[in-house]
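**Student:** sequence first, predicted model second:
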Amino acid sequence: MGQATAISGAGTLFKRGNGATPTELFTTLAQCLKISWDGPTKQTIETTNQDSGQYRSYIAGWRDAGEIKLTVNFTLASHFIIWGDFNSDVTHNYQIVLPDTGNTTFQAAAHITNMPLTAPVDDRVTYDITLKLTGVPTLTS
C-alpha cells in the first residue's frame, strides 16, 4: 500500500491582491475558519431534434468559474477590507494558497456579493463571505 499524499487544510490561506502592476502584492485575510470553492460549471445547450434517436443530445455552452465562500472571524481590519471590496465595483484578484510543499495557488478575479454577519450569544462573531468569480481561474504550484 502506498503512502497517503493527502494534505491537511490547516494553514490554507486566503489572500487579496492590491491591483498593482506590474507586480501585484497579495495580503492574507486574517482568521479564516473555512474556505470553499464550489468549482467551475459548464452550461449545456440541448440540440435534440427529430433525427437524434432515443437520446437527447447537447453541445457545450458557457463556463462559469463559480463562487468562493469564506467563514472568517470578525476583526475590524478585515471588516474594512471586505466592506470596501463589497462597496466597490472594481474587480479584485484573490488567491487560495494551499499548505502543500509547492504552495499550490488558485487565483481568480472576483466581486464580493454577500457578507452576512453572525453574532451568536454563545460563540464568536463571524462573517460568511461569498465571492462571485469572473473570468478563468488559474492554478500554479
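**Tutor:** In hand now; what should we look at?
**Student:** what average pLDDT does the longest strand seen in the chain get?
**Tutor:** Counting by DSSP state E, the longest strand found in the chain is strand 126-140. Averaging pLDDT along strand 126-140 gives 96.
**Student:** what's the answer for stretch 49-61, then?
**Tutor:** For stretch 49-61, the per-residue pLDDT averages 95.
**Student:** ok, residues contacting that stretch?
**Tutor:** If you take Cβ atoms under 8 Å, 6 or more residues apart in numbering as the criterion, stretch 49-61 is touched by 42-48. (Glycine included, C-beta is placed from N, CA and C.)
**Student:** how about stretch 125-140?
**Tutor:** With contacts defined as Cβ under 8 Å, 6+ apart, stretch 125-140 is touched by 33, 40, 65-74, 78-79, 82, 91, 94, 104-119.
**Student:** what comes up buried for that stretch?
**Tutor:** For stretch 125-140, the neighbour count (16 or more other Cβ atoms under 10 Å) marks 126-127, 129-133, 137 as buried.
**Student:** just those now: which is nearest residue 23?
**Tutor:** residue 137 (19.9 Å; Cβ to Cβ).
**Student:** quick one: residue 52 from residue 70, how far?
**Tutor:** In this view, residue 52 and residue 70 are 44 Å apart by Cβ to Cβ, to the nearest Å.
**Student:** out of the two, which sits in the busier spot?
**Tutor:** Of the pair residue 52 and residue 70, residue 70 is the one with more neighbours under other Cβ atoms under 10 Å, namely 24 against 11.
**Student:** low-confidence stretches in the chain?
**Tutor:** Within the chain, the stretches with pLDDT under 70 are 1.
**Student:** quick one: the helices in this protein?
**Tutor:** Taking DSSP state H as the criterion, the chain carries its helices at 76-86.
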